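Visitor: A predicted structure for the sequence below; I have some questions about it.
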Amino acid sequence: MTAGRLPLDKAMSEFDLVTLASQGNRAAFKQLYLNHHKKVYALSLRLCGQASQAEEITQECFILVWQKLPQFKGESQFSTWLHTLCVNQALSFIRKQKSFWARFIPMESDAEHPSSDENYQGLDKLILKLPERARIVFVLCAIEGYQHEEIAQLLGIAVGTSKTQYHRAKQLLQEML
């Protein structure tokens, strides 16, 4: 089998795709990308708050996946490993950004990305209005299921700060409703 060919077996398991992709099979990697890119993008958008940045984070995340895939040992689900990698990549990206205001998208339709605006209605739009730290903590805790201890470790903050930011986010969201 060549590195770029994927057997035409639509019932191929994720484990098989990961195995082939880690051996350099580009078609298997493409299928992994197609299976997971929407979830990675959605998580990235919720964390960073801007469509163009979420696209960049998603791209960087999958470049990192391609590079680190041979290190994946299968001790957890691939989606769990990918999720952790995505969260870390998004948080790293956010830390590197210098402009606080550039992290928010306008609430009107984004002319460059109309389909992304259609996909993120309701609560997602309100979450994007939250201040950065409150938004990140809220997304990690309420949507992604992280515990405050894990969030504190990821963000380098105290557990109490995580809880305070979560409470603040909930209050702000209630006021917006």
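Guide: Sure thing, it's come through. This structure is a prediction, so every number in the text was calculated from the model and none was measured. Numbering: from 1, shown residues only.
Visitor: Show the subsequent helix or strand relative to the worst-scoring helix or strand of the chain on mean pLDDT.
Guide: Every helix and strand of the chain was ranked by mean pLDDT, DSSP states H and E. The lowest is helix 114-119, at a mean of 44. On the C-terminal side of helix 114-119, the nearest following helix or strand under DSSP states H and E is helix 123-129.
Visitor: What helices and strands are in contact with the lengthiest helix in the chain?
Guide: For the chain, the helix that runs over the most residues, judged by DSSP state H, is helix 26-48. When contacts are defined as 3 or more CB pairs under 8 Å, 6 or more residues apart in numbering; DSSP states H and E, helix 26-48 packs onto helix 14-22, helix 51-68, helix 78-96, helix 123-129, helix 132-138. To be clear about C-beta, it is placed using only N, CA and C from the backbone, and glycine gets the same treatment.
Visitor: Which one of the ones you listed lies nearest to residue 30?
Guide: Set against residue 30 and scored by CB to CB, these come closest in helix 14-22, at 8.6 Å.
Visitor: mean confidence for the closest one?
Guide: Averaged over helix 14-22, pLDDT sits at 89.
Visitor: So the chain: which segments form each domain?
Guide: According to automatic domain parsing, the chain comprises the domains 9-100, 121-177.
Visitor: what's the closest non-adjacent residue to residue 123?
Guide: Distances taken as CB to CB, 6 or more residues apart in numbering put residue 173 closest to residue 123, at 7.7 Å, once the chain neighbours are dropped.
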